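**Student:** Would you be able to build a 3D model of this:
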Amino acid sequence: MALVPSSAPVPSSAPIGSPLFAEVDMGSDSSALTVRATVVQASTVFYDTPATLDKAERLIADAAASGSQLVVFPEAFIGGYPRGSTFGFGITIASRSAKAKEDFRKYHASAIDVPGPEVDKLAELAGKYKVYLVMGVIERAGYTLYCTVLFFDSQGQYMGKHRKLMPTALERLIWGFGDGSTLPVFDTPIGKMGALICWENKMPLLRTALYGKGIEIYCTPTADSRDVWQASMTHIALEGGCFVLSANQFCRRKDYPPPPEYVFGGTDDELSPDSVVCSGGSVIISPSGAVLAGPSYEGEALISADLDLGEIARAKFGFDVVGHYSRPDILSLTVKDHPLNTVTFTSGAKVEGSRKL
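**Tutor:** A predicted model of the protein is given here:
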């Protein structure tokens, strides 16, 4: 069964109201499937992971009430994106202040273990509301943190994760580096889906790895609200012949703790509680480059669109980047997709969770 538009008009970015879709049997032709998708544009409750999970449930419930089958959250929604933080003005070469260390301790405490109770809760929500869920989190693996995306199916099962391969600039001081073992593309009844996070979407070879896995619904949780981000999203949709779903937070200064607990380096004196520190720009784009919903810069929102999967074949008739438009006799890519572990054990015992480094 698939969700297709009823006779009611469908807003692309609006408060969720009554159901707008009726169930229709689309048969076995997946290219005839229409999928209702929502990208969430909302802020973390910073340093309060239980409250953020509660907020996530409210947003998932609202998206599901409008018929969404897929809900995509921003980068680092659970655990928080530490925008503007200098970690106590203490991060300088060869020096870390006591305030910086304490700020990292609190940030580490807000992160989640994978697997762990918060992952179980997210799986429960996906099953409860019958949605595929793509969630940006800060993952805690021992005392190293990773910027990670988690995937859940509509039956409430955790499917897997992607760890950000390349944190950008000062993100490298607080986040570890992922490896090739977490580059999944999941073949689901609503399409083949995967994700890259923020600026790793600018890495051509990394995008090509996902294209090679047949990605159809390409999720891009991000922290970039600039206008030029939209150009990258349109390019990826055209290049990959896929739907691009970009989710970013919309945050005001008051969504972060007040100073001195949390300080926006060099700018806090200029910010009021209502000052916008991340303006969103969440968007959904079709394989032909058409903007289906968004970008939104006006506040927290659920941004929804209908994904006609037939558009993928129509777009790839002209350009299939890893198909008829590839030249493997000249150009090729090898992806090292095995885990890289610092510590291995000759007993062969499985190493999981915080002990896998």
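**Student:** So which residue is dead centre in this protein?
**Tutor:** P221 (3.0 Å; CA atoms, centre = their mean).
**Student:** partners of the helix or strand that that one is a member of, with directions?
**Tutor:** Take DSSP states H and E as the rule and P221 turns out to sit in strand 217-222. Counting by DSSP bridges, the strands paired with strand 217-222 are strand 191-195 (parallel), strand 243-248 (parallel).
**Student:** right, so the ones you listed: which one is the most enclosed?
**Tutor:** Using mean count of other CB atoms under 10 Å, the stretch among these with the largest mean neighbour count is strand 243-248, at a mean of 30. In short, each C-beta sits where N, CA and C put it, glycine included.
**Student:** And for that strand, what's in contact with it?
**Tutor:** Contact with strand 243-248 is made by 37, 39-41, 70, 72-75, 134, 136, 191, 216-225, 229, 233-234, 236-237, 278, 280-287, 294, 307, 311-312, as judged by CB atoms under 8 Å, 6 or more residues apart in numbering.
**Student:** repeat that for 7 Å
**Tutor:** The contact list for strand 243-248 (CB atoms under 7 Å, 6 or more residues apart in numbering) reads 37, 39-41, 72-74, 216-225, 233, 236-237, 278, 280-287, 307.
**Student:** do stretch 253-265 as well
**Tutor:** 43, 46-47, 84-86, 89, 268, 271-275, 277.
**Student:** among the residues you listed, which ones are buried?
**Tutor:** Buried subset of the contacts of stretch 253-265 (neighbour count, 16 or more other CB atoms under 10 Å): S43, F46, Y47, G84, S85, T86, D268, L271, V277.
**Student:** Contacts for stretch 311-320 next, please.
**Tutor:** By CB under 7 Å, 6+ apart, the list of residues contacting stretch 311-320 from outside reads S31, E216, G241, C242, S286, P287, S288, G323, Y325.
**Student:** now with 6 Å?
**Tutor:** Under the criterion CB atoms under 6 Å, 6 or more residues apart in numbering, residues S31, E216, G241, S286, P287, S288, Y325 lie in contact with stretch 311-320.
**Student:** Check these against D62 and report the nearest one.
**Tutor:** D62 has its nearest neighbour among those in S286, at 23.7 Å by CB to CB.
**Student:** three-state assignment of D103?
**Tutor:** helix (DSSP: H, G, I helix; E, B strand; the rest coil).
**Student:** Confirm for me that it is in contact with F87.
**Tutor:** Yes: at 4.5 Å, D103 counts as touching F87 under the criterion of CB atoms under 6 Å.
**Student:** So what does L145 have for phi and psi?
**Tutor:** Dihedral pair for L145: phi -110, psi 140, per degrees, to the nearest 10.
**Student:** typed the wrong thing, it's V134
**Tutor:** phi -120, psi 120.
**Student:** got the contact list for the residue nearest to it when sequence neighbours are not counted?
**Tutor:** Leaving aside its sequence neighbours, V134 sits nearest to V72 (CB to CB, 6 or more residues apart in numbering; 4.4 Å). Contacts for V72 (CB under 6 Å, 6+ apart) come out as V39, V134, C219, L245, A247.
**Student:** what's across from V72 in the sheet?
**Tutor:** Beta-bridge pairing for V72 (DSSP bridges): V39, V134.
**Student:** which stretches of this structure have low pLDDT?
**Tutor:** Within the chain, the stretches with pLDDT under 70 are 1-32, 88-91, 348-357.
**Student:** Let me see the ranges of the helices in it.
**Tutor:** Secondary structure of the chain (DSSP state H): helices located at 49-65, 98-110, 117-129, 204-212, 227-240, 310-316.
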